[in-house]
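Colleague: Okay, sequence plus prediction incoming.
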Amino acid sequence: MDTLRRVVLSMQGAARASGVRFVTGDTKVVDTGSGDGMFITTAGIGTVAKGIDVAPSNVRAGDAVLLSGDIGRHGIAIMAEREGLAFETAIESDCAPLHGIVENSSPPAWRSGA
């Protein structure tokens, strides 16, 4: 319960900093030894401001790709855990909200549809 409380408080702080609310939750049951620990799944629902078109067809040469960490870090961290892979260095998942970075990017990471 102490771990759950610590994780939930951390999630609450991240949500407040991002200006979002938690609106749903999910639980998982896995076989003993197949992933003992805590699994947290989140999803976001939001709106795109009027006049902003974030369609993939608007991606142009020279546009920036924003990552919260090294490309592939999350995927390799999950795969290593699932497959029991070991590396000389620790590989940890890096997940972070990117909406603030996108809003403040220059040149903009989105294109106006207006």
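Modeller: Thanks, I have the structure now. Numbers count the residues shown, from 1 in each chain.

Colleague: so how many other residues sit close to residue 39?
Modeller: 10 (other Cβ atoms under 10 Å). Every residue, glycine included, has its C-beta placed from N, CA and C.

Colleague: For it, which three-state class applies?
Modeller: Under DSSP: H, G, I helix; E, B strand; the rest coil, residue 39 falls in the coil class.

Colleague: residues in contact with it?
Modeller: 28, 30 (Cβ atoms under 8 Å, 6 or more residues apart in numbering).

Colleague: let's go with 6 Å and repeat that
Modeller: residue 28 (Cβ atoms under 6 Å, 6 or more residues apart in numbering).

Colleague: Over to it: give its phi and psi.
Modeller: phi -120, psi 130 (degrees, to the nearest 10).

Colleague: Could you number the chain from 14 rather than 1 from now on?
Modeller: Sounds good: first residue 14 from here, last item residue 52.

Colleague: Now do the same for it: its pLDDT.
Modeller: Among the per-residue scores, residue 52 holds a pLDDT of 75.
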